[in-house]
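> This is the structure alone, sequence omitted:
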């Protein structure tokens, strides 16, 4: 087996383990609310704290061009170690909402040295022919975000703290794998200069800017959907008292199903083109946003679960396709910074989306609020229509 074929599985496994930190808090949210006497709005606050931490981290990492100036594997390891440490902080007693938000913020901050930097490492090793393999990488990232829900069910007879201990342990192990086995890639071009203006110069490129806008529309929907999957299931269960769900297992299965569509999307894009594939998936997720409020009224749990599975698959499948457009309009020496700054803005949008949907849902208690998620896909679809001349065939991952 060639070295390049060995490196990709290591990157995939490392990303899978480390991104489990992302929704570790969500996986035990009901336990946190009970243990620390939190209000019901803690879900949106703690989820947004991770996102805000990630945004702050990506801004700092991009501003100081950390992923391009230092060894990405070392940056990844240090970030995994610190992210795991702050994630583990949840297990201590006498926490307040402020302390929990602070720990989630710091966990999110160091995820900025894991997620975009992991993608940067992949681009350093694979210049051509990555194609379908990158679909597997995105799939692994999706599984990582879904993992805490599965762990919650596995440790149902144990303390909820086991979920946090496990995810932190996995993150440390993932960081070690990257440090020990993945050195600087053959296509890495280190940036030895410190330039505050790189982030601004990237957006002067029209192709980069339009591709980024498509990604931003996609992000309005993605993380809000993931955060609200357990709420969608609980809401449906409350509307139909005769129906009972295993919320943890179903949340894992629904979110994790997106890993399959990431792989399928890679194959489809080779047949019909990247733009058409991205457009199709984004259109389908837009339709799901609009249809969701009406599916709550159907007293057929199999149909409702099938709908959520389909939505989970189309909401993420366009991620590697959007990265295609972004990466093609970025110089090699700035790819780490480009991936990081676009993540920064994209995740800023997720905070707004999560807070808007949470506020509307809590104030109106109407399922119609989920149709507001369609705003993002509509914006992204318009961007894709207007950027056809900027499309070039290459794939690099951005979720």
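Here it is on my side, so go on. Please read all numbers here as calculations on a predicted model, not as lab measurements.
> residues contacting residue 338?
202, 208, 326-327, 330 (Cβ atoms under 8 Å, 6 or more residues apart in numbering). (C-beta placed from N, C-alpha, C; glycine too.)
> Try it again at 10 Å.
Residue 338 makes contact with 62, 67-68, 116, 120, 123, 198-199, 202-203, 205, 208, 212, 323, 326-327, 329-331, 396, 398, according to Cβ atoms under 10 Å, 6 or more residues apart in numbering.
> which residue ranges form the helices in the stretch 1-150 of the chain?
Listed in chain order, the helices of the stretch 1-150 of the chain (DSSP state H, counting those that start in this stretch) span 3-18, 24-27, 29-35, 42-63, 66-69, 72-88, 97-111, 115-125, 131-154.
> Now, the contacts of residue 338 that are in helices?
62, 67-68, 116, 120, 123, 198-199, 202, 208, 212, 323, 326-327 (DSSP state H).
> Reformat the residues you listed into JSON lines and put pLDDT and neighbour count next to each item.
Shown next, in JSON lines, are those (pLDDT from 0 to 100; neighbours: other Cβ atoms under 10 Å):
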{"residue": "62", "pLDDT": "77", "neighbour count": "27"}
{"residue": "67", "pLDDT": "76", "neighbour count": "30"}
{"residue": "68", "pLDDT": "76", "neighbour count": "26"}
{"residue": "116", "pLDDT": "82", "neighbour count": "31"}
{"residue": "120", "pLDDT": "79", "neighbour count": "23"}
{"residue": "123", "pLDDT": "73", "neighbour count": "24"}
{"residue": "198", "pLDDT": "70", "neighbour count": "20"}
{"residue": "199", "pLDDT": "67", "neighbour count": "20"}
{"residue": "202", "pLDDT": "78", "neighbour count": "21"}
{"residue": "208", "pLDDT": "82", "neighbour count": "21"}
{"residue": "212", "pLDDT": "85", "neighbour count": "24"}
{"residue": "323", "pLDDT": "75", "neighbour count": "26"}
{"residue": "326", "pLDDT": "76", "neighbour count": "23"}
{"residue": "327", "pLDDT": "71", "neighbour count": "23"}
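> which one of those residues is nearest residue 91?
Taking Cβ to Cβ as the measure, residue 116 is the one of the ones in helices among the contacts of residue 338 closest to residue 91, at 27.7 Å.
> and residue 94, what pLDDT?
Per-residue pLDDT puts residue 94 at 83.
> Please determine how far it is located from residue 303.
Distance from residue 94 to residue 303, counting by Cβ to Cβ, to the nearest Å: 45 Å.
> And those two? Which one has more around it.
residue 303 (11 against 6; other Cβ atoms under 10 Å).
> Go ahead and confirm the more buried one touches residue 295.
Yes: Residue 303 is in contact with residue 295 according to Cβ atoms under 10 Å; the separation is 7.3 Å.
> which residues sit in contact with residue 373?
Contacts of residue 373 by Cβ under 10 Å, 6+ apart are 220-222, 224-225, 228, 285-286, 288-290, 292, 311, 315, 353, 356-357.
> at 7 Å instead, please
220-221, 224-225, 289, 357 (Cβ atoms under 7 Å, 6 or more residues apart in numbering).
> Ok, residue 280 next?
Contact analysis of residue 280 by Cβ under 7 Å, 6+ apart lists nothing.
> Mind jotting down where the helices sit in the stretch 201-350 of the chain?
Taking DSSP H, counting those that start in this stretch as the criterion, the stretch 201-350 of the chain carries its helices at 206-239, 247-256, 258-272, 274-295, 301-316, 319-328, 335-364.
> Switch the ones you listed over to a markdown table; also include distance to residue 178.
Listed next are those as a markdown table, based on distance: least, Cβ to Cβ, whole Å:
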| stretch | distance to residue 178 |
| --- | --- |
| helix 206-239 | 24 |
| helix 247-256 | 22 |
| helix 258-272 | 20 |
| helix 274-295 | 28 |
| helix 301-316 | 23 |
| helix 319-328 | 20 |
| helix 335-364 | 15 |
